[in-house]
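1. Only the shape, not the letters, is given here:
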């Protein structure tokens with residue numbers, strides 16, 4: 001390993017100006033996080049507390065081992081949608097440690113529209129289950145939900161990835177031997193009743209938790225029978241009559257204590273053993289990333305400046321340094337874990353695509369996790385490159401990434417455009433985790449390119465109709481397209497729709513990756529199905 005040396009002057013005016021601008025971006029990001037983490041309206045929070053119930057994140061804090069991190073996922077889901085009335089999509093998901101077991105935790109936030117499910121709630125819940133499936137982790141459900149948000153029923157009920165997928169995933173996880181525990185801490189109605197029913201063990205809080213397929217109003221409408229919530233599906237009923245729940249708790253705190261006790265009976269899993277070294281802090285402060293992160297995507301950023309601020313000792317063994325130089329590849333360690341890193345330093349061309357494919361196969365052969373640092377405008381275009389067979393060389397890289405059965409982690413620190421997104425392990429290629437920095441952009445192409453292409457098409461259409469567009473018309477069309485791409489390409493637009501696993505502070509990148517790598521080692525790494533071959 002060679003210790004990287006920075007080429008940046010952190011006293012330089014440009015660096016300091018970039019850092020100052022980024023600090024404002026960062027302040028806005030953390031303000032958005034704080035708003036979501038506070039829960040629903042003040043009235044809803046007070047009502048929740050008056051019932052002696054803990055808030056969703058308070059429940060998580062008591063559930064996980066003391067002084068261990070909880071990696072929350074998709075905190076800003078539904079951001080900017082539904083008049084911002086579904087903060088965090090009304091659910092908290094993430095990865096925490098319970099009695100030494102890395103665990104996916106899914107907690108309804110009843111202060112946000114009663115914990116009901118909109119489209120993004122389901123996507124967030126299902127994504128958390130996918131992470132459990134992919135990494136072979138146990139799951140704890142902290143249930144406090146009114147079920148489907150009925151005004152949105154057409155968007156949440158019938159399709160493959162809609163509400164029914166929650167229970168399909170539970171059945172699959174059970175068959176795989178992944179332990180699932182449900183704690184019913186509030187309402188658990190209709191289809192939601194299957195969450196505890198399909199879990200290995202279920203805990204329910206007395207005079208607080210309820211489970212029923214149809215609540216008292218529906219029972220009265222269907223049968224004329226009048227029955228209270230407790231009589232129909234309270235804790236006493238389900239632990240002594242129906243057997244739907246297994247343990248009765250006297251409070252949220254007691255229920256969480258029971259759950260932690262249950263984890264003591266879960267056998268410790270032998271994790272895949274990487275040759276881990278002692279962790280070593282990077283040579284350069286992580287906070288310098290605020291001055292490096294690209295706010296203007298027209299300016300290139302050397303990914304090695306990012307790498308040296310997230311890897312152990314800022315040490316990096318570069319692979320094919322002088323070949324395919326628009327891509328940086330090499331080996332390093334993060335918190336002692338060996339990793340292969342692929343970072344963009346320009347567009348993909350034939351050489352960089354072949355270099356990337358070769359490197360992916362090396363990491364697969366050696367069973368080393370991959371980290372993708374995305375800042376890519378796409379594949380280079382032009383007659384020369386098409387004649388070189390860029391499409392077939394790009395296909396080799398995509399084949400390699402799609403079939404690599406080692407843990408993959410993607411961080412979008414700049415732009416992520418077009419096929420470049422795919423070739424750098426975008427969401428469609430099932431990375432174990434994918435995160436964005438607040439400044440990141442993602443779309444089928446950059447706004448400038450889209451504006452140029454679509455404006456040209458629109459002008460041609462107008463001329464074909466016998467119209468002669470004026471300069472003002474052309475400028476209006478162009479600005480509308482730029483505005484659309486700026487809005488739809490932002491990290492906040494992406495994370496709102498669960499296209500990623502969350503936006504992270506750049507300075508937290510190293511810690512987040514380390515948690516992800518540790519989590520992924522719960523699943524054995526399979527042998528590669530093909531040899532290493534030169535591209």
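-> Everything's here; your move. The structure displayed is predicted, hence computed values, not measured ones. Residues are numbered from 1 along each chain as shown.

2. can you pull out the helices in the stretch 251-400 of the chain?
-> For the stretch 251-400 of the chain, the helices defined by DSSP state H, counting those that start in this stretch occupy 252-263, 289-292, 303-307, 350-366, 383-387, 390-403.

3. now these in a markdown table, with distance to residue 240?
-> Just so you know, the C-beta spots here come from the backbone N, C-alpha and C atoms, and that holds for glycine as well. Listed next are these as a markdown table, based on distance: least, CB to CB, whole Å:
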| stretch | distance to residue 240 |
| --- | --- |
| helix 252-263 | 16 |
| helix 289-292 | 56 |
| helix 303-307 | 58 |
| helix 350-366 | 53 |
| helix 383-387 | 72 |
| helix 390-403 | 52 |
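
4. Generate a markdown table for those, with mean pLDDT as supplementary columns.
-> Formatted as a markdown table, the helices of the stretch 251-400 of the chain follow (pLDDT from 0 to 100):
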| stretch | mean pLDDT |
| --- | --- |
| helix 252-263 | 98 |
| helix 289-292 | 98 |
| helix 303-307 | 98 |
| helix 350-366 | 95 |
| helix 383-387 | 90 |
| helix 390-403 | 92 |
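
5. Make TSV from those and add distance to residue 229 and mean neighbour count to it.
-> Formatted as TSV, these follow (distance: least, CB to CB, whole Å; neighbours: other CB atoms under 10 Å):
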stretch	distance to residue 229	mean neighbour count
helix 252-263	18	19
helix 289-292	51	22
helix 303-307	54	22
helix 350-366	54	23
helix 383-387	66	11
helix 390-403	49	18
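
6. looking at those, which is closest to residue 483?
-> helix 289-292 (26.6 Å; CB to CB).

7. got the contact list for the closest one?
-> 8, 10, 15-16, 18-19, 22-23, 26, 301, 305-306, 309, 506-507, 509 (CB atoms under 8 Å, 6 or more residues apart in numbering).

8. let's go with 6 Å and repeat that
-> 15, 18, 19, 22, 305, 309, 506 (CB atoms under 6 Å, 6 or more residues apart in numbering).

9. and if you look at stretch 168-188?
-> With CB under 6 Å, 6+ apart as the test, stretch 168-188 has contacts from 110, 129, 138-144, 146, 195-196, 198-205, 209-211, 252, 255, 259, 262, 266.

10. and those residues, which of them are in helices?
-> Under the assignment DSSP state H, the contacts of stretch 168-188 contribute 129, 195, 196, 252, 255, 259, 262 to helices.

11. Which of the helices or strands spans residue 512?
-> Secondary structure from DSSP states H and E places residue 512 in helix 509-520.

12. Average pLDDT for that helix, rounded please.
-> Model confidence over helix 509-520 averages 98 on the pLDDT scale.

13. ok so, going back, taking the ones in helices among the contacts of stretch 168-188, tell me the two that lie furthest apart.
-> Distance extremes for the ones in helices among the contacts of stretch 168-188: the farthest pair is 129 and 252 at 23.3 Å, using CB to CB.

14. so which helix or strand takes in residue 170?
-> Counting by DSSP H and E, the element that carries residue 170 is helix 164-175.

15. List the buried residues for that helix?
-> Under the neighbour-count criterion of 16 or more other CB atoms under 10 Å, helix 164-175 has 164, 165, 166, 169, 170, 173 buried.

16. Then stretch 462-482?
-> Buried residues in stretch 462-482, counted by 16+ other CB under 10 Å: 469, 477, 478, 481.

17. what about residue 438, is that helix, strand or coil?
-> Classification of residue 438 using DSSP: H, G, I helix; E, B strand; the rest coil returns coil.

18. Low-confidence ranges, the stretch 401-535 of the chain, go.
-> Along the stretch 401-535 of the chain, segments meeting pLDDT under 70 span 531-535.

19. what about the strands in it?
-> In the stretch 401-535 of the chain, the strands defined using DSSP state E, counting those that start in this stretch lie at 408-417, 433-436, 441-443.

20. How about the stretch 101-250 of the chain?
-> Using DSSP E, counting those that start in this stretch, the strands of the stretch 101-250 of the chain run over 101-108, 139-145, 180-188, 201-205, 247-249.

21. Other residues contacting the last one?
-> With contact meaning CB under 6 Å, 6+ apart, strand 247-249 is reached by 203, 205, 206, 235, 239, 255, 258.

22. measure the residue nearest to the third one when sequence neighbours are not counted to residue 286 for me?
-> Excluding its sequence neighbours, the residue lying closest to residue 206 (CB to CB, 6 or more residues apart in numbering) is residue 235, at 4.4 Å. Distance from residue 235 to residue 286, counting by CB to CB, to the nearest Å: 47 Å.

23. With residue 495 instead?
-> Note on residue 495: its distance to residue 286, by CB to CB, is 21 Å.

24. of those two, who's got more company?
-> In this view residue 495 and residue 286 are compared by other CB atoms under 10 Å, and residue 495 has more residues nearby, 27 against 17.

25. give the contact list for the more buried one.
-> Contacts here follow CB under 6 Å, 6+ apart; on that basis residue 495 touches 76, 503.

26. can you rerun that using 7 Å?
-> 74, 76, 77, 79, 436, 502, 503 (CB atoms under 7 Å, 6 or more residues apart in numbering).

27. what's the longest helix in this structure?
-> If you go by DSSP H, the chain has its longest helix at helix 13-37.

28. State the mean pLDDT of the helix or strand just after it.
-> Note on helix 13-37: by DSSP H and E, the next helix or strand toward the C-terminus is helix 42-50. Helix 42-50 shows a mean pLDDT of 96.

29. Report the buried residues of helix 42-50.
-> Across helix 42-50, burial judged by 16+ other CB under 10 Å covers 44, 45, 48.

30. chain center to it: distance?
-> Put simply, helix 42-50 sits 29 Å off its chain's centre (CA atoms, centre = their mean, to the nearest Å).

31. ok and that helix relative to strand 180-188, angle-wise?
-> Compare the direction of helix 42-50 with that of strand 180-188 by axes from the mean of the first three to the mean of the last three CA atoms, to 10 degrees and you get 110 degrees.

32. which one in the chain is furthest away from the centre?
-> The C-alpha centroid of the chain is most remote from residue 466, which lies 49.2 Å away (CA atoms, centre = their mean).

33. got a list of what that residue touches?
-> Neighbour list for residue 466: empty [criterion: CB under 7 Å, 6+ apart].

34. Now do whichever strand or helix holds residue 57: distance to the chain's middle.
-> Residue 57 belongs to helix 56-63 when assigned by DSSP H and E. Computed by CA atoms, centre = their mean, the chain-centroid distance of helix 56-63 equals 20 Å.

35. Give me the contact list for the following helix or strand past it.
-> Counting by DSSP H and E, the element after helix 56-63 in chain order, helix or strand, is strand 71-73. Strand 71-73 has contacts (CB under 7 Å, 6+ apart) with 92, 93, 94, 95, 128, 501, 502, 512, 515.

36. helix or strand right after strand 71-73?
-> The helix or strand immediately downstream of strand 71-73 is strand 91-98, counting by DSSP H and E.

37. May I have the strands that pair with that next one, each with its orientation?
-> strand 71-73 (antiparallel), strand 101-108 (antiparallel) (DSSP bridges).

38. Show me what stretch 514-524 is in contact with.
-> Contacts for stretch 514-524 (CB under 7 Å, 6+ apart): 69, 71, 95, 102, 135-137, 269, 271-272, 274, 334-335, 337, 369, 407, 409, 432-433.

39. Same question for stretch 372-388.
-> Contacts for stretch 372-388 (CB under 7 Å, 6+ apart): 294, 301, 303, 306, 341-344, 347-350, 390, 394, 408, 410-420, 424-425, 445-446.

40. can you check stretch 203-223 too?
-> Applying CB under 7 Å, 6+ apart, the external contacts of stretch 203-223 come out as 53, 183-190, 193, 196, 225-230, 232-235, 238-239, 244-245, 247-252, 255, 258-259.

41. Just the buried subset of the residues you listed, please.
-> Using 16+ other CB under 10 Å, the buried members of those are 53, 183-190, 193, 196, 229, 232-235, 238-239, 244-245, 247-249, 251-252, 255, 258-259.
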